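Trainee: Provide a 3D model corresponding to the input given below.
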Amino acid sequence: MEERQAVGRMKELVEQLNEAARIYYQGQDEIMSNYEYDKLYDELERLEKETGIVMSASPTVHVGYETISELPKEAHIAPMLSLDKTKEVEELTAFLGDREGLLSLKLDGLSIILTYEGGRLTKALTRGNGEVGEIITNNARTFVNLPGRISYGGTLVIRGEALIRYSDFEQLNSQTAEISEKYKNPRNLCSGSVRQLNNEITARRRVHFYVYNIISTGDDAPSFVTKKEALDWLSGLGFDAVPHKKVTGAALPSAVQQFSEEVASCDLPSDGLVLTFDDINYSASLGRTAKFPRDSLAFKWQDELADTTLREIEWSASRTGLINPVAVFDPVELEGTTVSRASVHNISILRELQLGIGDTVSVYKANMIIPQIYENKTKSGNCPIPEKCPVCGRETAIVDENGSVVLMCKNPDCYAKKIKSLSHFVSRDAMNIDGLSEATLEKLVNMKLLHSLTDLFSLAEHREELVEMEGFGEKSFQNLINAIEAAKDVPLERVLYSLGIKGIGLNMAKLIARTYPSALSEMDRLTVEDLCGIDGIGEVLARSFTEFFADHANRLMVKELENILRIRYPDAVSGLQPLEGKTFVITGSLSHFANRNECRERIEALGGKVSGSVSPRTDYLVNNDIHSGSAKNKKAKELNIPILTEEELLVLLSGEG
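Mentor: You can find the predicted model right below:
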């Protein structure tokens, strides 16, 4: 492969892997399996070694992603790094050499840092992006097996894994009647559970915590020579330790085999093993790379494969409007259960596997849970793409969506499209109406209570039907009506974003609202030329916007919304704004702003831009801890970029700086 082709391929891989990781760490449904992710990651790593080129956003040098909830944020006292990995026992043995090690299950949940002071839990912090996590202390206090008080009264900071056991996961799913509403796997459910704003929900999910190492202790704590001694001490304090064994190089292969046999019947989700040197001082002396600690190595399970025959491709219309392919094959036994179906995700993967009816395919269970196709051995490629939507029977279209080829229904009134439109309209950055999950919206549509966006504001008229709806009640009804009423007070940019105009994200909506703060019903007067005059908006987006408002049905709908909502209009932008052309990065916890979104809005209101990472194009880094050793602070100092505290930022925003 020529260098230019290699760089192009690396860019594709970086984009795909970062998107998959972003969705994974936010607890949403995965867009690719673990096997697919590892395969692409290994390809990227190989290309980087061959070319000597590493993209700045490459997952091989970046750890995690920024979190997105409204939970408070805090910097970790030390970076929470990921682990280098292997699938070969020989590599584990070579890594350990003639030293003693600790081999433990690599639990598949969410990494959590806990701080105990005076014998009580005072703080719980998620991994977040590896440098800054979310504070989930109230939720952690509901973890099923976490001691509420310990006998050690000094400061104790430990790291472990929050997870939902398979038995609890299956019980939660058994309480959900609709297959489409069932949780996909324990990790995704756990990720969403520990980050709830209401810890009553966390308690219902039966989250457990398993400790795997000590980060720091007070001066009065016992001194340990080995990590095994430290885990034994923590067990004595009431913590459940991750299942582990002390090993030597000679004993390592049999220990790996024993774990692999036990994991099939283990109640704890696991995607492999972790080997670390048992000697604490030796481990500390090894240091770390930019991404990995040098004292530990992860071992990924070799997936159990089974060959079978593909009998059918079902096309399942989702609530998002996509029509997803599902492979149906002759039943096979995998990891102790019978499977006969596997998601193929999209047309890109269908074509890459060259699937055809009658093909011989190898299947496996990702993380021993989710059936996936490993490879197609015959590759006939004869699967037709349906021309009709399985929901409404109207024409379909093959489209490119963020680099993946997908199938969508062209019918704007399709049931799946209706759910997607409603879900977007009520989302946090749009109208922000709490209490209307996609599952609830689907029920309301099925009950004929929702036909259009404006019907949401008439739900108060259907009290009797709503309080009798499964999963609802008088309290839920009143909370929903209160949320709908509160949502009527809304800025123009969020109304524009809520309409779901193709290509118009929240930032674009802000630019349009601030440049042309006219009544919603007068937006149809804007021309392509008007919109192209706004910095950052090109002809494609401009045409998308004008075509939306040129549609008669859309104009009637926005007129209705205008009569219902109490829209706040910004002052028109004229001339050069104070922060025009300036780029900011916000990191760390905030005290003068409710959250980073509020801080971002204040900056953008004055013409500035907010980015997620520090680069030569960054003008200011906002961080209250200007002496922090975080990667963003270090990068800013290397590039001579000013680091502002919130107080200094407020002065700049006031125009006095």
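
Trainee: Now do the strands in the stretch 451-600 of the chain.
Mentor: Counting by DSSP state E, counting those that start in this stretch, residue ranges of the strands within the stretch 451-600 of the chain are 489-491, 566-568, 583-586.

Trainee: Quick one: those as TSV, columns for distance to L526 and mean neighbour count too.
Mentor: The way it works is simple: take the backbone N, C-alpha and C, and place the C-beta from them, glycine included. Shown next, in TSV, are these (distance: least, Cβ to Cβ, whole Å; neighbours: other Cβ atoms under 10 Å):
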stretch	distance to L526	mean neighbour count
strand 489-491	18	15
strand 566-568	16	14
strand 583-586	27	21
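
Trainee: Select from these the stretch with the lowest mean pLDDT.
Mentor: Across the strands of the stretch 451-600 of the chain, strand 583-586 has the smallest mean pLDDT, namely a mean of 89.

Trainee: Can you list the strands that that one pairs with?
Mentor: strand 609-611 (parallel), strand 620-622 (parallel) (DSSP bridges).

Trainee: Determine which stretch of these is the most buried.
Mentor: Among those, the stretch with the highest mean neighbour count (mean count of other Cβ atoms under 10 Å) is strand 620-622, at a mean of 23.

Trainee: Okay, and S421 sits in which element?
Mentor: Using DSSP states H and E, S421 sits within helix 415-426.

Trainee: Keeping just the C-alphas, turn that helix into PDB.
Mentor: The C-alpha coordinates for helix 415-426 follow below in PDB (Å, rounded to 0.1, in the frame of the first residue of the first chain):
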ATOM      1  CA  TYR A 415     -44.000   5.000  11.400                       C
ATOM      2  CA  ALA A 416     -40.200   4.600  12.000                       C
ATOM      3  CA  LYS A 417     -39.600   8.200  10.800                       C
ATOM      4  CA  LYS A 418     -42.300   9.500  13.100                       C
ATOM      5  CA  ILE A 419     -40.600   8.000  16.200                       C
ATOM      6  CA  LYS A 420     -37.300   9.400  15.100                       C
ATOM      7  CA  SER A 421     -38.700  12.900  14.600                       C
ATOM      8  CA  LEU A 422     -40.400  12.900  18.000                       C
ATOM      9  CA  SER A 423     -37.400  11.600  19.800                       C
ATOM     10  CA  HIS A 424     -35.200  14.300  18.300                       C
ATOM     11  CA  PHE A 425     -37.700  17.000  19.100                       C
ATOM     12  CA  VAL A 426     -37.800  16.100  22.900                       C
END
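
Trainee: In TSV: the strands paired with strand 583-586, plus distance to S458.
Mentor: Shown next, in TSV, are these (distance: least, Cβ to Cβ, whole Å):
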stretch	distance to S458
strand 609-611	37
strand 620-622	43
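
Trainee: now the ones you listed as a markdown table including distance to V405 and mean pLDDT?
Mentor: Listed next are the strands paired with strand 583-586 as a markdown table, based on distance: least, Cβ to Cβ, whole Å; pLDDT from 0 to 100:
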| stretch | distance to V405 | mean pLDDT |
| --- | --- | --- |
| strand 609-611 | 30 | 80 |
| strand 620-622 | 39 | 93 |
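
Trainee: And those: which comes nearest D271?
Mentor: strand 609-611 (32.7 Å; Cβ to Cβ).

Trainee: Tell me if I'm right that W233 and T226 touch.
Mentor: No: contact criterion Cβ atoms under 8 Å: W233 and T226 do not qualify, at 10.8 Å.

Trainee: still on that earlier bit, I643: which of the strands paired with strand 583-586 is closest?
Mentor: Of those, nearest to I643 by Cβ to Cβ is strand 620-622, at 4.8 Å.

Trainee: quick one: contacts of the closest one?
Mentor: The contact list for strand 620-622 (Cβ atoms under 8 Å, 6 or more residues apart in numbering) reads 582-588, 599, 614, 632-633, 636, 641-646, 649, 652.

Trainee: rewinding a little: out of the strands paired with strand 583-586, which is closest to I112?
Mentor: With Cβ to Cβ as the criterion, I112 lies closest to strand 620-622 of those, at 26.8 Å.
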